[in-house]
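Peer 1: No sequence on hand, only this structure:
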């Protein structure tokens, strides 16, 4: 079946079926070998220093999906945990190391004398730019670093971790009138700030040759997160900065010495690009990257949902859409420019890689399927840079015409290579070649081992999966494995100076490992991919279990006490898993009932509070309506249930739950005896657990101003534990059957049963909707002494407990007594309770009250739900 060139590009290149744009069989022979394998004998250690490792906190952690999976004994499907993790967004990052590896921050800069500068984040917080110098001597790489054995460091401390590094050479020698020694520029991005450096050569001393210097020339602080930045390939002095909010800033580095304020802050130009009609705030996703196109005033800007072409050549900014993320491709996650002409670019989704041309919007030239998890780098190279120093001239045309895309994830140790280019001569008819300028995939994408430490044979892959499964769930396997933190590929002519020519050529990679090593290694072109690496295959395990390779070194010694206090959370775990009763019965078989306290007589404290509501002593039968006497303010039905359950406990169990500071001081933690902090029980008449209280008057320690008292505090024991102890105390002594029945007791079931009783008193069939998901309920034709409203009437009857959280009730206001603070009861049907009623209410207070009531009445008259509420009350 014949297709047009545009229709052919709709078929992705994958191994499942043969794509019409994939060259295979005899048509791929003129292309030469396209697989690259590491050469073990060329591995060269260059430099080692702990300062090049990213900051990492060694404390155990769980990712969002792992936390959901392991927080319950119930089996949670992986699809559910993944969905919840995605809904929480990027506010919760698994750890700081994974965030640091969101981009490839090892950058190479070639000097005019063919020295290579290698830049990378350094310092305890990765907040300084470090670099070393590589020199080619006798086909070997020689390293120059600081005299103290560490890397050279920029003097400027950026105060925040570096998220992105970019370097570029000066387009011509002696850039700028005042900087004759400038050989390039460096741009360092933190989360909110961009810093610019000038790279300068220095005159050598009589005895030593000084390394190039990094001169900090200015910075710019933004109020929004930085999404991306790039240098201009057209003008030596320009760069772009894209913010997460979509704002684009243009900076002119040619006036570094003139265009900054007195404090060294740059004043960039904000470009007048409006996304209001194209990509508003309701559009899901985020801004990803920006690049200059074929013209200095034509930009390519990428959002998760689309790629845009921004034309700034005229006074009015023109924005057009180049590519949209369709439903089958999800959102874009990576973006890069392809080639030096500025017409081609690549974008990647979670499962698809696209090659596009700005002259053919909405129609990708090529598509590949990939299985890289969270890719973080996307680089495009000419094939001639990867097949340099080749003895074979038959594939010279392919090397000069082809391109390779390198995409992967540093954190997940994944890297794939995609090859493409024009069709070789003879494989496409001359008439078709004149009509179209298509690209073809030259081979299927394959995995490239950047670290050269991974064996991809079947047994090693299975062994690695078992090793991952053996780790604790809060331990990342990446911390036990030597992974690549950053890499760069040397220029082809430099690579030729390091190695002898071989049949098909190759390239040299400089990589930074998590073992704090900088090393170089050659990769050679081959007709077949090498899946078995002998050195990696012979290892018993791919992981190092004795220590973490990624660590954070500090200059100072730890100054604090190395003392850990372990918390016993067995009861909390038992309660969350529904096994609290079983746990208490097993650990308290010698329990003989609640022990009476001699120093603290709780009944003398509680009985006056109960008498204020006309209630019998604790432990006596009590009804729901009796509890309503304490509901002066809107209270949920669930809280009413808890108050009723507290009142059903005997006095000796209430005494267990409440204590005073003199008893709490006996609690010992480690070698000290600090006092635990609980809120004091108020003096005003309330029922347990005394919900309305004053804040604590003290901090962690008592002071001369706030002295220790002997006030009653609590509850210090949760209600489910007290209910279980009460059930355990009521068992018949000596009867094992009764004890076995106790295991079946559940405090949650008792709370749910009491919720049903409370809701039964509150509810009947008469319901009125007040809008805004508020619902008024009048339980009988005769007005009850309390009002009820429900926040969510959509819950079914089987959601009784959940419904009790959203059902609120309160006592009706008594008849208005026009004296003192009782004036406020006229403002709404709910009683206005005041702790201190000894307040003078004279003529001045009455005037203020009338003004307040007038303003409040105006609001009430304009609030329809409240008017419906009042109409219902008086009907």
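Peer 2: Perfect, I can see it now. Quantities reported herein were computed from a predicted structural model and do not represent experimental measurements.

Peer 1: Return the helix or strand in this protein with minimum mean pLDDT.
Peer 2: Taking mean pLDDT, DSSP states H and E as the measure, the chain has strand 767-771 as its least confident helix or strand, at a mean of 35.

Peer 1: Test my guess that residue 170 contacts residue 182.
Peer 2: Yes - in this structure, residue 170 is within contact of residue 182 by C-beta atoms under 8 Å, at 5.5 Å. Just so you know, the C-beta spots here come from the backbone N, C-alpha and C atoms, and that holds for glycine as well.

Peer 1: okay, and the common contacts of these two?
Peer 2: By C-beta atoms under 8 Å, 6 or more residues apart in numbering, residue 170 and residue 182 have no common neighbours.

Peer 1: got the end-to-end distance for stretch 351-367?
Peer 2: 10 Å (C-alpha to C-alpha, to the nearest Å).

Peer 1: Isn't residue 195 up against residue 165?
Peer 2: No - between residue 195 and residue 165 there is no contact under C-beta under 8 Å: 10.1 Å.

Peer 1: can you list residues touching both of the two?
Peer 2: 187-189.

Peer 1: Reformat those as a markdown table; add secondary structure.
Peer 2: Output for these, formatted as a markdown table (DSSP: H, G, I helix; E, B strand; the rest coil):
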| residue | secondary structure |
| --- | --- |
| 187 | strand |
| 188 | strand |
| 189 | strand |
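
Peer 1: any idea how far the residue nearest to residue 723 when sequence neighbours are not counted lies from residue 758?
Peer 2: In this structure, residue 723 finds its nearest non-sequential neighbour in residue 747, 4.3 Å apart by C-beta to C-beta, 6 or more residues apart in numbering. Look at residue 747 and residue 758: by C-beta to C-beta, to the nearest Å, they are 16 Å apart.

Peer 1: One more: residue 511?
Peer 2: With C-beta to C-beta as the criterion, residue 511 and residue 758 are 66 Å apart.

Peer 1: Show me the helices in the stretch 451-600 of the chain, by range?
Peer 2: According to DSSP state H, counting those that start in this stretch, the stretch 451-600 of the chain carries its helices in the segments 458-470, 492-498, 534-537, 570-576, 580-587.

Peer 1: Nearest approach to residue 310 belongs to which of the ones you listed?
Peer 2: helix 492-498 (33.4 Å; C-beta to C-beta).

Peer 1: Check which residues of that closest one are buried.
Peer 2: 492, 494-498 (16 or more other C-beta atoms under 10 Å).

Peer 1: Buried by neighbour count: which residues of the longest helix along the chain qualify?
Peer 2: Counting by DSSP state H, the longest helix found in the chain is helix 843-861. Of the residues in helix 843-861, residue 849 count as buried by neighbour count, 16+ other C-beta under 10 Å.

Peer 1: Can you pull out the low-pLDDT segments for the stretch 551-700 of the chain?
Peer 2: Applying pLDDT under 70 to the stretch 551-700 of the chain flags the ranges 551-567, 588-605, 609-620, 661-677, 692-700.

Peer 1: Let me see the ranges of the strands in it.
Peer 2: Secondary structure of the stretch 551-700 of the chain (DSSP state E, counting those that start in this stretch): strands at 635-636, 659-660.

Peer 1: Against which helices or strands is the last one packed?
Peer 2: It stands for strand 659-660. Using 3 or more C-beta pairs under 8 Å, 6 or more residues apart in numbering; DSSP states H and E, the elements in contact with strand 659-660 are strand 712-713.

Peer 1: For the strand it packs on, name the packing helices and strands.
Peer 2: strand 659-660.

Peer 1: Which neighbours in the sheet does the strand it packs on have, and how are they oriented?
Peer 2: Its sheet considered, strand 659-660 pairs with strand 712-713 (antiparallel) by DSSP bridges.

Peer 1: pLDDT on the helix or strand following the partner strand, on average?
Peer 2: As assigned by DSSP states H and E, the chain's next helix or strand after strand 712-713 is helix 719-729. Regarding helix 719-729, the rounded mean pLDDT is 82.

Peer 1: low-scoring stretches of the stretch 701-850 of the chain, by residue?
Peer 2: Using pLDDT under 70, the stretch 701-850 of the chain drops low at 701-710, 730-743, 764-785, 790-801, 812-840.

Peer 1: Over to the stretch 51-200 of the chain?
Peer 2: The model of the stretch 51-200 of the chain has pLDDT under 70 over residues 54-100, 172-179.

Peer 1: residue ranges of the strands in it, please?
Peer 2: 107-110, 116-122, 128-137, 140-144, 152-153, 164-169, 182-189, 193-200.

Peer 1: do the same with the stretch 301-450 of the chain
Peer 2: Assigned by DSSP E, counting those that start in this stretch, the stretch 301-450 of the chain shows strands spanning 306-311, 318-324, 334-338, 344-348, 352-357, 366-369, 377-382, 403-409, 414-421, 440-441, 446-447.

Peer 1: which strands and helices sit next to the last one?
Peer 2: Going back to what we said before, that points to strand 446-447. strand 414-421.

Peer 1: out of residue 747 and residue 758, which sits in the busier spot?
Peer 2: residue 758 (25 against 22; other C-beta atoms under 10 Å).
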